[in-house]
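1. After the sequence you'll find the predicted model.
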Amino acid sequence: MSGAGREAGLRVGVALGTWRIAIAASNGSREHFGSLAGWPKSAAARRLICRDSVFGTEAYRLRAALNLSRPFEAGRLAGAEGRRAASALIAQAARLARPVPGEPIHGVLAVPAAAAHRDRGILEEAAKEIHISVDKTDHLLKQGEPKIQLTWMDVKVDEEVITPRHGKAVEINALWYNVLRIMGWLSRF
């Protein structure tokens, strides 16, 4: 059985919380940052900051020069700016997972329950960078590609996947269901 080689891609778990984002990756990367995204208010601010977007504590520190968005502050995405911020935060999380250039990223995305229900389509678009989607008929997570060893139960010998598990792997969806139930329970408080 082959381990997670370059051809298998990087496995990433991203939890988009109302105040913090946590990332864990199969390469050992463990990061977290505030759920705050900012963009320069003007060309002068852009020259000062030298970037198109800033996240977390740094965005808060530079708030005078930035338009800020905390996309899940109310538990779900707020308008176009919230959508833009969610996409930017997911992309930042993928960067912080430190993939090897050209390495595919596969992952699980956890979001507040209200956002998972109301903003599913928007989050699906944002998560395409990490090869995750939600089936519109049964709302289960779909992930991976046919030639990729995706979960711990996959067997790959040389370049052939003996037990392909792309699609709706039961252990991934069990975790997804559990996250949704916990987020639903927490949203009552």
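-> Here it is on my side, so go on. Numbers count the residues shown, from 1 in each chain.

2. element containing the residue in the chain sticking out farthest from the centre?
-> Note on the chain: the largest C-alpha distance from the chain mean falls to residue 44, namely 31.1 Å (CA atoms, centre = their mean). Element membership for residue 44 (DSSP states H and E) is helix 43-49.

3. where along the protein do the helices fall?
-> Using DSSP state H, the helices of the chain run over 43-49, 56-61, 79-96, 113-118, 120-127, 170-186.

4. Pipe those helices into TSV and attach mean pLDDT and distance to residue 22 per row.
-> All C-beta atoms are positioned from the backbone trio N, CA, C, and that covers glycine. Formatted as TSV, the helices of the chain follow (pLDDT from 0 to 100; distance: least, CB to CB, whole Å):
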stretch	mean pLDDT	distance to residue 22
helix 43-49	89	25
helix 56-61	94	12
helix 79-96	84	9
helix 113-118	74	16
helix 120-127	73	16
helix 170-186	75	12
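
5. Nearest to residue 33 among those would be which one?
-> helix 56-61 (3.4 Å; CB to CB).

6. And the closest one, what's buried?
-> Neighbour counts using 16 or more other CB atoms under 10 Å place 56, 58-59 of helix 56-61 among the buried residues.

7. same thing with stretch 63-74?
-> 65-66, 68-73.

8. Of all the helices of the chain, which one comes closest to residue 137?
-> Closest to residue 137 of the helices of the chain is helix 120-127 (CB to CB; 12.4 Å).

9. quick revisit: mind checking which of the helices of the chain is nearest residue 162?
-> Between residue 162 and these, the shortest gap by CB to CB is with helix 170-186, which sits at 17.4 Å.

10. Mind picking the two most distant members of the buried residues of stretch 63-74?
-> Going by CB to CB, the pair spanning those furthest: 65 and 72, at 23.3 Å.
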